[in-house]
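*Asks:* Predicted model, plus sequence, below.
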Amino acid sequence: MNQAENPYRPPSSEVLVAEDLATLDPASKPRRFGTFMVDYLCFMALSLVVGASIGLIFGMRGVEAIRHVPDIVFGSLLFLSYYVLFEGIWSRTPGKWVFGTVVTNEAGGKPSFKQVLGRSACRFIPFEAFSFFGERGWHDSMSKTHVMRRR
């Protein structure tokens, strides 16, 4: 019996490797703006869910505890967690799933946790959104990542 006829052989499939990812096209600016808008709406929904959950689980004590934390601190931690969680695990946020894009490193593979953390932290730079009037945004160039079209 040869290998092709063996019913116990492992299945085979085509695997997308880093070299294949490097040949993907960069995401266009309109696509990236759409990604930003979807992610912003998802972040707002997450904020609402977290706030409501704290209120439901801990009652008025939870609400009072949140009131003592400055809004900028609570929002920044939630914002950072949103991007680090999604891009750290899947290299994509919900907006990137909707618009068919993915974050890659310079070689075209999955970015490291350090790159994702740096990329997310760079989003707090004042006027960082205006950096897209140039070729690449600061959170891409400083963290040495790219956003590529996946489909």
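*Replies:* Yes, it's here.
*Asks:* Could you give me the buried positions within the host helix or strand of Val147?
*Replies:* Assigned by DSSP states H and E, Val147 falls within strand 145-149. Neighbour counts over strand 145-149 (16 or more other C-beta atoms under 10 Å) mark Thr145, His146, Val147, Met148 as buried. Backbone N, C-alpha and C define where each C-beta goes, glycine included.
*Asks:* quick one, helices of this protein?
*Replies:* Under the criterion DSSP state H, the chain contains helices at 18-22, 29-68, 71-90, 94-99, 113-122, 138-141.
*Asks:* For the buried residues of strand 145-149, which two are the farthest from each other?
*Replies:* Thr145 and Met148 (9.7 Å; C-beta to C-beta).
*Asks:* hang on, the earlier thing: ok, the buried residues of strand 145-149 vs Arg136, which is closest?
*Replies:* Closest approach between the buried residues of strand 145-149 and Arg136, by C-beta to C-beta: His146, at 7.9 Å.
*Asks:* need the contact list for the closest one.
*Replies:* Pro26, Val103, Thr104, Asn105, Glu106, Gly108, Arg136, Asp140 (C-beta atoms under 8 Å, 6 or more residues apart in numbering).
*Asks:* For Trp97, see how far away it is.
*Replies:* Noted for His146: a distance of 17 Å to Trp97, by C-beta to C-beta, to the nearest Å.
*Asks:* cool, and Phe58?
*Replies:* Separation of Phe58 from Trp97 (C-beta to C-beta): 32 Å.
*Asks:* for Ser13, same thing?
*Replies:* Going from Ser13 to Trp97 by C-beta to C-beta gives 21 Å.
*Asks:* Okay then, goodbye and thanks.
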